[in-house]
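**Student:** Sequence and predicted model, in that order:
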Amino acid sequence: MTTATKGANQMATILQPESMKPDVRRWTGISAIAVAILMAAEFLTASLGVGAAPPLSDETALGEFMTGAADATLLVIFIDTFLMAALVVFLASFRQLITRARADMQWVADLGYGAGLIFVAVTLVGDAMDGGGALDTVKQPADGSVIRALTEGHILMFGSIGCVMTALVVAAAGYVSFASATLPRWTGWLAFVVAALNLLTVPAMFNGTSSTDPFSAGGPGVTALATFPFLVWVAIVGIVTIRGTHHHAMRRARAAAAKAAPDALLPSR
């Protein structure tokens, strides 16, 4: 047997399939914390660089606004793309976390996972429409009518449509949190509160597109009552899960030490 073959065999022995399995709890926590960091960066960028848009009926002012806010808008979309990618990792990890604990709860976990993927898809389409309005101003005069049409489309995606999907995600997550006992019960109650807040904002689609009316389709109320609480819930679940990973590791270490202690007292042969 050659040296290279021996080395390959030794490496295969070291890298057993069990050691290659990713830690679901750790990845749930890491992805959730990534969501929280990206959410904070997106909020600061939007607050400082974009600001409140003028009424959509004033297409001239709308074109001037988007011309000044184009770079910041594109940066927000850039950040949001990575935020959605981290959210997909979180949704997949959370689903696996639940199904490991309760295989009979898989259909509920799949329901939340599927709704979460729809939410991500709807958000990315909305981002593309919002980005289209920003690109309309790059190296060319802004067309207020184009920006208005794109804005009216993505307002519903970011608002009422996304809120229904978000409510389904967190309601399913809250249910399986109670059923599987993988997370503290208070996180399940928090999920139900977030679901209720999202459903509360759905009727905003009937109240116009004013960016200053908190309860309009394009108002700040949707962000404050629906989107922000959902992402905060994701971050909280991540922190709780990472702490749970640490406690599980400590329990395994204590169990191994307790098992090794009696063995050490046995007489040697």
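**Tutor:** Ah, there it is. Computed from a predicted model, the values in this text were never measured in an experiment.
**Student:** from memory residue 66 sits against residue 133, does it?
**Tutor:** Yes: using Cβ atoms under 8 Å, residue 66 is in contact with residue 133, at 5.7 Å. Any C-beta I mention is one placed from the backbone N, CA and C, and that applies to glycine too.
**Student:** residue contacts, residue 195?
**Tutor:** Listed by Cβ atoms under 8 Å, 6 or more residues apart in numbering, the contact partners of residue 195 are 166, 167, 168, 170, 171, 174.
**Student:** Check the contact lists of residue 66 and residue 133 and give me the overlap.
**Tutor:** In terms of Cβ under 8 Å, 6+ apart, residue 66 and residue 133 are both contacted by the residues 73, 147.
**Student:** would you turn the contacts of residue 195 into TSV with pLDDT, neighbour count and distance to residue 26?
**Tutor:** Shown next, in TSV, are the contacts of residue 195 (pLDDT from 0 to 100; neighbours: other Cβ atoms under 10 Å; distance: Cβ to Cβ, whole Å):
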residue	pLDDT	neighbour count	distance to residue 26
166	91	28	25
167	93	25	28
168	93	20	26
170	93	28	22
171	94	21	26
174	91	23	23
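**Student:** Would you map the helices across the stretch 51-200 of the chain?
**Tutor:** Listed in chain order, the helices of the stretch 51-200 of the chain (DSSP state H, counting those that start in this stretch) span residues 59-101, 106-135, 144-156, 162-180, 185-201.
**Student:** Single out the most deeply packed of those.
**Tutor:** Neighbour counts averaged per stretch over the helices of the stretch 51-200 of the chain are highest for helix 162-180, at a mean of 23; criterion: mean count of other Cβ atoms under 10 Å.
**Student:** Does that helix pack against any helices or strands, and if so which?
**Tutor:** Using 3 or more Cβ pairs under 8 Å, 6 or more residues apart in numbering; DSSP states H and E as the contact criterion, the neighbours of helix 162-180 among helices and strands are helix 59-101, helix 106-135, helix 185-201, helix 228-265.
**Student:** Determine which of those helices approaches residue 46 most closely.
**Tutor:** Between residue 46 and the helices and strands packed on helix 162-180, the shortest gap by Cβ to Cβ is with helix 59-101, which sits at 5.1 Å.
**Student:** which helices and strands does that closest one pack with?
**Tutor:** Other elements packing on helix 59-101 under the criterion 3+ Cβ pairs under 8 Å, 6+ apart are helix 24-45, helix 106-135, helix 144-156, helix 162-180, helix 228-265.
**Student:** relative orientation of the second one and helix 59-101 in degrees?
**Tutor:** The reference is to helix 106-135. Here helix 106-135 runs at 160 degrees with respect to helix 59-101, directions being taken by axes from the mean of the first three to the mean of the last three Cα atoms, to 10 degrees.
**Student:** Helix 106-135 packs against which elements?
**Tutor:** For helix 106-135, the helices and strands in contact under the criterion 3+ Cβ pairs under 8 Å, 6+ apart are helix 59-101, helix 144-156, helix 162-180.
**Student:** can you list contacts of stretch 72-80?
**Tutor:** Counting by Cβ under 8 Å, 6+ apart, stretch 72-80 makes contact with 38, 41-42, 45-46, 48-50, 66, 123, 127, 130-131, 133-135, all of which sit outside it.
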